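1. would you be able to build a 3D model of this:
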Amino acid sequence: MSDEHHTRAALENQAFALMGRLHVTLRRQTGRVTDIEYMRIDPAYCRYLLKMASLSPIEDLQELSVKLQEIFFGPEGLFVRAEPKPPLLARLTEPAAPASAPPAPATPAPVTGHEAEDAVDRGYIGRLR
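-> Sure thing, here's the model as predicted:
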């Protein structure tokens with residue numbers, strides 16, 4: 001694996017840890033509930049939460065905002081390096097690819113005589129009568 005992959009993975013892990021701290025601090029101090037996964041994939045939502053945290057009088061939130069700002073939007077940030085995944089709502093509005101029809105079930109050959117009685121008896125095995 002390349003160093004870039006390791007660096008990206010390390011940044012994602014660090015971002016996840018910091019977003020968890022941001023989430024918990026916002027919840028405890030302001031009652032605000034955030035969505036970490038949405039913050040990870042939507043730059044607009046991420047910027048909104050980071051701005052809210054940076055304007056907070058709580059020093060820990062301000063520090064977390066600065067660190068996450070660098071991780072996501074710095075020169076080598078996660079949103080700068082690669083195109084982020086589209087937000088969930090955008091993915092829901094995209095038309096789905098048509099699914100191919102499942103193959104038609106094969107028609108069983110007609111059963112006659114003793115075979116019919118055996119088929120009926122086997123049909124009841126394991127079920128209530």
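2. which elements pack onto the longest helix anywhere in the chain?
-> Secondary structure of the chain per DSSP state H: the longest helix is helix 3-30. For helix 3-30, the packing partners by 3 or more Cβ pairs under 8 Å, 6 or more residues apart in numbering; DSSP states H and E come out as helix 36-41, helix 43-54, helix 59-73, helix 78-81. Where you see a C-beta, it was placed from the backbone N, CA and C, and this is true even at glycine.
3. for the record, mean pLDDT for whatever helix or strand comes next after the shortest one?
-> If I follow you right, that is helix 78-81. Next in sequence after helix 78-81, counting helices and strands by DSSP states H and E, comes helix 88-93. Mean pLDDT, computed over helix 88-93, is 74.
4. list the contacts of helix 88-93.
-> By Cβ atoms under 8 Å, 6 or more residues apart in numbering, the residues outside helix 88-93 that reach it are 38, 41.
5. and for stretch 35-48?
-> With Cβ under 8 Å, 6+ apart, stretch 35-48 has contacts from 12, 15-16, 19-20, 23, 49, 68, 72-73, 79, 84-88.
6. for His23, give me its contacts.
-> By Cβ under 8 Å, 6+ apart, His23 lies in contact with 33-34, 36.
7. can I get those residues in JSON lines with distance to Gln62, neighbour count and pLDDT?
-> Output for those, formatted as JSON lines (distance: Cβ to Cβ, whole Å; neighbours: other Cβ atoms under 10 Å; pLDDT from 0 to 100):
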{"residue": "Val33", "distance to Gln62": "20", "neighbour count": "8", "pLDDT": "91"}
{"residue": "Thr34", "distance to Gln62": "16", "neighbour count": "17", "pLDDT": "92"}
{"residue": "Ile36", "distance to Gln62": "19", "neighbour count": "14", "pLDDT": "91"}
